[in-house]
Each structure stands twice: as structure tokens, then as C-alpha cells.
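>>> next input, structure requested:
(one chain, ligands or ions: 1)
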Amino acid sequence: MISEDLKEKLIRLAKEAQEKSYAPYSNFPVGAALITEDGDFFTGCNVENISYGLTNCGERTAIFKMISEKGPQAKIKALAVTTKADIPCTPCGACRQVIQEFSLPDLVVIYKGSNDYVVMPMSQHLPGAFTEFVAVNQDGSSKRIQTGT
Ligand code: THU
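Numbering: from 1, shown residues only. So this is what the prediction gives:
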């Protein structure tokens, strides 16, 4: 779990980031803020596109900024998502999978629930996450692939 101070700081940073949102189609600005394993903060907002499917959510914007600034070993300790409308909004399925890719085992996600903000551990956020598979080569040999390998 995280301290109340850190939770409040992540919500404040996410709310600042949502002000930068580019959301002319949905009119639904979203902000995200995360803290890494070693205490750095990254923020992001949703960036929409007239070809709707090209839209990038706020959470993934923050995560891609983290990796491009810190490198491939970076890990997320906690991530908050906010909306301008201040209505309940959990990270979408695509973002959950991307959060999972870079999460510490005890990562928490903070989002607006029906009343207050909810702090949810990753284990509840994406139960049964896709984190490994066996790749079979043409010659019949196989290799176990796990997140990050
Ligand atoms: N959106 C996010 O940025 N994050 C989420 O987790 C949910 C949805 C954005 C995508 C789109 O720009 C707008 O919200 C409406 O779906």
C-alpha cells in the first residue's frame, strides 16, 4: 500500500496532466501520474486522433514517457488516473496489460470510484494477466517467454 501523502500527490499530478489532454472527439480529458521504483514521477494525458483507434490513453502516455526517459528496466510502484469530469474511471483493458508489463509485484492503481478514490493492488486489477507463453520454432524446439524476456 502507499501513504496518504503519496496518493494525494499522484492524484494532484494526474489532474495537472489532464489539463494538457488532446481530446476533441470524446471531450473526456484523462490524466495519469506514476511513481517509479526509485522515486521518479512521470505524467501523461490522453492524445486522441481523428482515426479514433490511434488514440493513446493517459496511462500509456505516462508509461511510455517513463521507459523512453529511464530505459527498459524502469518499474512502476503506483499509478493514478483522473478525469476532468471527476467521474468513476478505471484504466481500460489495454492500459492494464501495459501497466502489468512494467509493474512491481506490489504495484497499486489509484482511480476514482463511485465515491472516493480507490487504491487497488495489481493482483485485483488484472487477475490472470497474460505474462508468459511457449514459443515453438519451426524445428520443433521451444522457448518459454515471460514478461521482460
Ligand atoms: N481513456 C484514457 O485515457 N484512459 C482510460 O483508462 C480510459 C479511456 C481515454 C481514451 C479516450 O481519449 C477517452 O478516454 C474516451 O474513451
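
>>> the worst-scoring helix or strand of the chain on mean pLDDT: what's the following helix or strand?
None of the helices or strands of the chain scores lower by mean pLDDT, DSSP states H and E than helix 122-125, at a mean of 90. Once helix 122-125 ends, the next helix or strand along the chain (criterion: DSSP states H and E) is strand 132-136.

>>> packing partners of that following strand?
Here strand 132-136 touches strand 142-146, going by 3 or more C-beta pairs under 8 Å, 6 or more residues apart in numbering; DSSP states H and E. No exception for glycine: its C-beta is placed from N, CA and C like everyone else's.

>>> and for the strand it packs on, what's in contact with it?
Here strand 142-146 makes contact (C-beta atoms under 8 Å, 6 or more residues apart in numbering) with 131-137.

>>> for stretch 49-60, same thing?
By C-beta under 8 Å, 6+ apart, stretch 49-60 touches 14, 17-18, 21, 25, 30-32, 44-48, 64, 79, 81, 91-92, 94-95, 98-99.

>>> that stretch: which residues count as buried?
Judged by neighbour count (16 or more other C-beta atoms under 10 Å), stretch 49-60 contains these buried residues: 55-60.

>>> equivalent analysis for stretch 58-69, please.
58-63, 66.

>>> and those near the ligand, which?
Checked against the ligand using C-beta under 6 Å from any ligand atom, the buried residues of stretch 58-69 yield the following neighbours: 58-59.
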